[in-house]
Each structure stands twice: as structure tokens, then as C-alpha cells.
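K.L.:
Sequence plus the predicted model coming up.
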Amino acid sequence: MSARTLVLGMGNTLLRDDGAGVHAVRYLRGHAGETPDAEFLDVGTLSFTLAGAIEDAERLIIIDAARMDDAPGTVRVFEGEEMDRFLQRNRKLSAHEVSLVDLLAIARLTGLLPQRRALIGIEPQSFDWGETPTEPVAQAIPAAGAAALELIERWETI
């Protein structure tokens, strides 16, 4: 049986803040406490092989660096159709092997896109080479983790 809530941490940890999602999922693994219906996956730069995991999930949370025109380290949550609109408006070339928009399109075409879904975006400061996030992004990781846990808790009561 797969987890009811799938939490994906995206990014390339060799490009400083691009790895924000991966760092947030690693943080969550150590701080989430009892969350038996949630699975926390470090998915790096994505792959089409994740389409099945997304389709199997009842709820989906994605944590990633996201250009939102905010101060570095800002955390914002985009839920449901708001997430879809944000991703469509912000299609960009990235270091990811496949785009998140493409993965979600596959799930939508099969009719298996989780109805409850959210993107937790962390505004990056730098995509330079480096294995650690910049200070503003590092300080935002607990807030991104807290946002994920709040979504999980709220969705479980609906």
C-alpha cells in the first residue's frame, strides 16, 4: 500500500538553492514525527519514472525552488488549480531531467492527478555551484517543512 500523501523534494543539490526541495524533504524526515500516511521522497531532478508514484498518491506535495519575484528564502504555498496555474505561467528551462508540468500532465491524462495537490515554493538566491543552500534558503527550510506538515494535517481532516 502506498502512502496517502506523497511529498516530493525536488532539485539539484549541486546547484546551491536549486536543491531546496531535497534539503526540505531531508529535514522533514528528521522532524515529521508520526506521519504514517505520508511518504517523503528525495526525487532530485525528476524522471518520468515518478509518474506512477504520483498517480498512486491520494495527495501530493511538491517542495522546490521557485522563482516568485519575492525575497530569497520566501516560502509560498500554491494549492490545487493555483499550483497548476503557477507552474504553467512559470515554465522554464531547468536542470531537471523532465519538467514537473510534464509529469502532472501525464497524471491528468490518465485521470489520476491527485485532487489535493500543492507546490511549496522557496525563492532561491543562487544557482551557482555548491552543495549547500544560501543562508536565506537554509533558514527557510524549516518553514517549508512546517507548511508541508500543516497541509498533511489539514488534508487528513477533510
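P.N.:
Yes, it's here.

K.L.:
Quick one: neighbours of the spatially closest residue to Ile122 that is not a sequence neighbour, just the number.
P.N.:
Nearest non-adjacent residue to Ile122, counting by CB to CB, 6 or more residues apart in numbering: Ala20, 4.3 Å away. C-beta: built from backbone N, CA, C; applies to glycine. Ala20 sits with 32 neighbouring residues when counted by other CB atoms under 10 Å.

K.L.:
Just the CA atoms of the helix or strand that contains Ala20, as CSV, please.
P.N.:
Using DSSP states H and E, Ala20 falls within helix 20-31. This file holds the C-alpha atoms of helix 20-31, laid out as CSV (Å, rounded to 0.1, in the frame of the first residue of the first chain):
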residue,chain,number,x,y,z
ALA,A,20,16.0,23.5,-1.7
GLY,A,21,13.3,20.8,-2.1
VAL,A,22,15.7,18.0,-1.5
HIS,A,23,17.0,19.7,1.7
ALA,A,24,13.4,20.3,2.9
VAL,A,25,12.5,16.6,2.5
ARG,A,26,15.6,15.5,4.3
TYR,A,27,14.7,18.0,7.1
LEU,A,28,11.1,16.6,7.2
ARG,A,29,12.4,13.0,7.5
GLY,A,30,14.1,14.1,10.8
HIS,A,31,11.3,16.3,12.1
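
K.L.:
Where in the chain is the helix or strand with the lowest mean pLDDT?
P.N.:
helix 100-109 (a mean of 84; mean pLDDT, DSSP states H and E).
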